[in-house]
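> just the structure for this:
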Amino acid sequence: MTIRGEAPGRGSPAQATDGLADLLGRIAARDAAAFSALYKATSAKLYGVVARILPRGDAAADALQEAYVRIWEKAGEFDPAKGSPLAWMATIARNRALDEVRRVRPGSLEDLPESFEPAADEVDPLAARERSEGLVKLLNCLQALDEEKRAVVLLAYYRGLSREALALRFGRPVPTIKTWLHRSLAQLRDCLAS
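Have a look, this model is predicted:
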């Protein structure tokens with residue numbers, strides 16, 4: 001069976017759009033075959049969107065995979081009255097790539113110049129003990145947070161997710177995420193100060 005919109009250049013643009021919209025409707029009903037067809041029909045274009053933002057191939061591939069997970073999860077939210085299916089998916093892919101750019105990650109060793117030599121670690125037993133005690137206290141304070149708010153704090157400040165990405169992940173508005181982060185950090189500060 002040939003699916004309209006499966007290959008570029010087949011049929012009219014309207015037929016391709018209708019085919020992709022049909023696939024998204026079937027994906028909303030959790031049709032894995034429709035998802036596979038959608039991936040085949042759109043992955044090259046969406047990879048191009050992501051690769052312009054994330055030039056490293058591995059990062060672009062990861063972002064594209066996460067975009068397709070989001071498409072699978074949100075297919076039922078696609079509204080053909082608001083735009084084309086490809087534009088809707090490209091927006092998801094672009095936002096996922098931008099979230100990746102915004103994440104604060106330590107540079108990899110591959111990005112360092114060849115002449116780089118890391119400083120030798122000096123062992124300071126007292127400093128190590130203080131860090132260890134501080135970490136234990138922080139972990140105890142984190143456990144005092146509500147489970148969902150603790151997850152938001154860790155994803156924001158440990159994994160580097162943006163407020164927008166957290167809002168999507170937890171199904172809450174961005175202002176709610178901001179409030180959760182603000183209140184949770186205040187609670188952590190009070191806990192650590194006591």
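
> any weak-confidence spans in the protein?
Along the chain, segments meeting pLDDT under 70 span 1-17, 104-131.

> hey, which helix is longest across it?
Taking DSSP state H as the criterion, the chain has its longest helix at helix 32-53.

> packing partners of that one?
helix 13-28, helix 57-74, helix 85-102 (3 or more Cβ pairs under 8 Å, 6 or more residues apart in numbering; DSSP states H and E). Every C-beta, even on glycine, is put in place using the N, C-alpha and C of the backbone.

> got a list of what Ala97 touches?
Val49, Val50, Ile53, Leu54, Ala60, Ala63, Ala67 (Cβ atoms under 8 Å, 6 or more residues apart in numbering).

> re the thing from before, now do the buried residues in the longest helix of the chain.
Neighbour counts over helix 32-53 (16 or more other Cβ atoms under 10 Å) mark 34-35, 37-38, 41-43, 46-47, 49-51, 53 as buried.

> ok, the residues you listed vs Arg169, which is closest?
For Arg169, the nearest member of those is Val50. The distance, counting by Cβ to Cβ, is 18.8 Å.

> can I assume that closest one is in contact with Thr91?
No - in this structure, Val50 is not within contact of Thr91 by Cβ atoms under 8 Å, at 11.8 Å.

> care to break the chain down by domain?
Residue ranges for the domains of the chain, per automatic domain parsing: 13-102, 126-193.

> neighbours of Ala21, how many?
For Ala21, the neighbour count with other Cβ atoms under 10 Å is 19.

> kindly report the same for Ala156.
19.

> buried stuff in the helix or strand hosting it?
Using DSSP states H and E, Ala156 sits in helix 147-157. Neighbour counts over helix 147-157 (16+ other Cβ under 10 Å) mark Lys149, Arg150, Val152, Val153, Leu155, Ala156 as buried.
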